[in-house]
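Chemist: make a model of this:
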Amino acid sequence: MSQYFPAHYDDFNDLLKAVRGRKIAVVGHMRPDGDCISSQFAAAEFLRQAGAAEVVCVNQNPVPRLYENFVGNEKMLEAETFDDASFEIVTVDCADYRRSNESLCERFPFPLACIDHHASNRPYAKINIIDPKASATAEIVAGLAFDAKLKISPQNADRLYMGIVMDTRQFTTTSTRTKTFEIATELVKSGADASKVAIELYQRENLAKLKLLAAYLQSLTMHCNGRVCIGLLPAGIYERTGAEKADSDGLVDYARSIDGVDIAVLLEDLKNGVKGSLRAKTPEYCVNEIAAHFGGGGHLAAAGFTAVGETINSFYPKLLEHIETSLQNADKLNAKI
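Modeler: Take a look at the predicted model:
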């Protein structure tokens with residue numbers, strides 16, 4: 001019997017049966033974070049155990065420097081050029097298939113499976129394993145592996161523990177639940193080294209990332225009587241600091257940590273628009289709905305979007321207007337309680 005994800009026990013077994021003798025490409029979303037990276041590599045190992053003929057990992061972007069020591073013998077193939085039609089696609093941590101790579105979606109329009117934890121996910125695969133209550137896709141992948149009694153190597157345990165730590169911000173997000181701690185404990189029992197993971201994630205910062213953080217902090221502006229904090233990463237900031245784009249992951253949490261701030265924002269200038277990251281201290285502010293208005297999605301307290309064709313200057317007041325509305329709606333609901 002299943003212990004962690006009974007609702008998806010049969011679906012996962014169907015996936016394990018479906019991959020036998022087939023070639024599988026495990027695909028994640030562009031600009032992958034720790035949850036995405038860990039879920040891709042861990043899922044690849046589990047699908048090999050299930051009897052897949054060949055398994056590769058595919059992403060639009062390379063593995064960020066922060067996660068390089070979790071790669072092991074795996075390789076990340078480029079999504080833009082991956083065109084081997086003999087492969088089936090399994091996506092992880094990818095709420096919208098288009099967030100993997102547009103051309104890949106055109107070449108492989110019908111994914112075999114999707115494993116994800118985003119509330120904004122609208123099932124697009126043949127087999128969909130989606131649990132919005134899970135703290136991370138890594139939590140789902142680990143729990144499913146335990147339920148199926150798959151072998152979890154110490155390296156895979158490290159990966160999955162890292163993915164959970166990153167997406168829960170060290171077990172502090174509102175999505176962290178009893179099951180999260182139980183699965184993390186089982187991963188430690190399977191060989192995950194919590195101390196080593198912490199050192200890799202939090203004691204190997206490079207100077208360029210700290211310069212990027214400094215630039216973001218200097219840009220912070222308060223709105224709505226201190227309840228909203230918005231910071232910017234303007235065009236050219238990566239060149240000036242020497243940072244990677246992946247180094248922006250987690251910066252918005254510094255803005256959220258300010259006393260009195262309910263919603264924090266990071267706006268990044270792109271060549272074709274503006275990338276936004278939204279964080280709320282509590283789920284009541286429904287930042288996923290704000291993100292959805294601009295074509296994005298995510299969770300109640302953590303979401304993102306890309307506003308194509310916008311600049312920071314043109315987009316800033318539009319976003320602020322929607323944030324103000326979200327605050328007002330939350331205040332009205334709280335007043336009724």
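Chemist: now the strands for the protein?
Modeler: For the chain, the strands defined by DSSP state E occupy 23-27, 54-59, 76-78, 87-92, 113-116, 127-130, 221-223, 228-233, 263-270, 273-280, 297-298, 302-308.
Chemist: show me what the shortest one is packed up against.
Modeler: Using 3 or more C-beta pairs under 8 Å, 6 or more residues apart in numbering; DSSP states H and E as the contact test, the elements touching strand 297-298 are helix 287-293, strand 302-308. Bear in mind the C-beta positions are built from the backbone N, C-alpha and C, glycine included.
Chemist: out of these, which is closest to Tyr238?
Modeler: Nearest to Tyr238 among the helices and strands packed on strand 297-298 is strand 302-308; the distance by C-beta to C-beta comes to 16.6 Å.
Chemist: partners of that closest one, with directions?
Modeler: strand 273-280 (antiparallel), strand 297-298 (antiparallel) (DSSP bridges).
Chemist: quick one: mean pLDDT for the first one?
Modeler: Looking at strand 273-280 alone, the average pLDDT works out to 96.
Chemist: how far does it sit from the chain's center?
Modeler: 13 Å (C-alpha atoms, centre = their mean, to the nearest Å).
Chemist: hey, which of the strands paired with strand 302-308 is tucked in deepest?
Modeler: strand 273-280 (a mean of 25; mean count of other C-beta atoms under 10 Å).
Chemist: what's the angle between that strand and strand 263-270?
Modeler: 160 degrees (axes from the mean of the first three to the mean of the last three C-alpha atoms, to 10 degrees).
Chemist: that older thread, got CSV for the helices and strands packed on strand 297-298, with distance to Val261, mean pLDDT and mean neighbour count too?
Modeler: Converted to CSV, the helices and strands packed on strand 297-298 look like this (distance: least, C-beta to C-beta, whole Å; pLDDT from 0 to 100; neighbours: other C-beta atoms under 10 Å):
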stretch, distance to Val261, mean pLDDT, mean neighbour count
helix 287-293, 13, 94, 21
strand 302-308, 14, 94, 21
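Chemist: so which of those is nearest Glu54?
Modeler: Nearest to Glu54 among the helices and strands packed on strand 297-298 is strand 302-308 (32.5 Å), distances taken as C-beta to C-beta.
Chemist: just the helices in the protein please.
Modeler: With DSSP state H, the ranges of helices along the chain come out as 9-18, 34-49, 102-107, 137-147, 154-167, 178-189, 194-202, 207-218, 237-241, 251-256, 287-293, 312-336.
Chemist: and those helices: which comes nearest Ser277?
Modeler: Nearest to Ser277 among the helices of the chain is helix 251-256; the distance by C-beta to C-beta comes to 4.6 Å.
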